[in-house]
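Q: below: sequence and its predicted model.
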Amino acid sequence: MSQKQSVLNHLREHGHINPMEALNLYASFRLGAIIFELRKEHYINTELVNDKNKFGKAVQYAKYMYVGQIESEDNK
């Protein structure tokens with residue numbers, strides 16, 4: 001199964017994913033690129049999360065949330 005399909009399945013099952021989950025679960029270093037491709041067929045929202053890393057330094061990362069599949073003209 002491709003990383004793209006794995007990420008889509010994860011989004012559908014869990015509702016969201018972040019870069020660390022994508023790296024740990026699917027060996028994906030480029031979650032943003034996968035989300036870019038998925039957005040051609042699916043509604044996916046982005047939430048910026050403010051957190052601290054293990055050194056206590058402020059960091060920000062994206063959390064992607066699945067909304068649904070885009071209905072094409074063929075499926076109406």
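A: Arrived safely, thanks for sending. Residues are numbered from 1 along each chain as shown.
Q: mind listing what the nearest residue to residue 41 once chain neighbours are set aside touches?
A: Distances taken as CB to CB, 6 or more residues apart in numbering put residue 70 closest to residue 41, at 5.6 Å, once the chain neighbours are dropped. Where C-beta positions appear, they are placed from N, C-alpha and C, glycine not excepted. For residue 70, the contacting residues are 41-43, by CB atoms under 8 Å, 6 or more residues apart in numbering.
Q: so where do the strands sit in this structure?
A: 16-17, 42-52, 58-69 (DSSP state E).
Q: pick the most deeply packed of the ones you listed.
A: strand 16-17 (a mean of 20; mean count of other CB atoms under 10 Å).
Q: centre of the chain to the longest helix along the chain, how far?
A: Identified as the longest helix of the chain according to DSSP state H is helix 3-14. Distance, stretch centre to chain centre, for helix 3-14: 8 Å (CA atoms, centre = their mean, to the nearest Å).
Q: buried stuff in it?
A: 3, 6-8, 10-11 (16 or more other CB atoms under 10 Å).
Q: who are the packing partners of that helix?
A: On a contact count with 3 or more CB pairs under 8 Å, 6 or more residues apart in numbering; DSSP states H and E, helix 3-14 meets strand 16-17, helix 19-26, helix 31-38, strand 42-52, strand 58-69.
Q: JSON lines for those, including mean pLDDT?
A: Listed next are these as JSON lines, based on pLDDT from 0 to 100:
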{"stretch": "strand 16-17", "mean pLDDT": "98"}
{"stretch": "helix 19-26", "mean pLDDT": "96"}
{"stretch": "helix 31-38", "mean pLDDT": "97"}
{"stretch": "strand 42-52", "mean pLDDT": "97"}
{"stretch": "strand 58-69", "mean pLDDT": "97"}
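Q: ok, the nearest residue to residue 68 once chain neighbours are set aside to residue 20 distance?
A: Closest residue to residue 68 apart from its sequence neighbours, by CB to CB, 6+ apart: residue 43 at 5.2 Å. According to CB to CB, to the nearest Å, residue 43 stands 23 Å off from residue 20.
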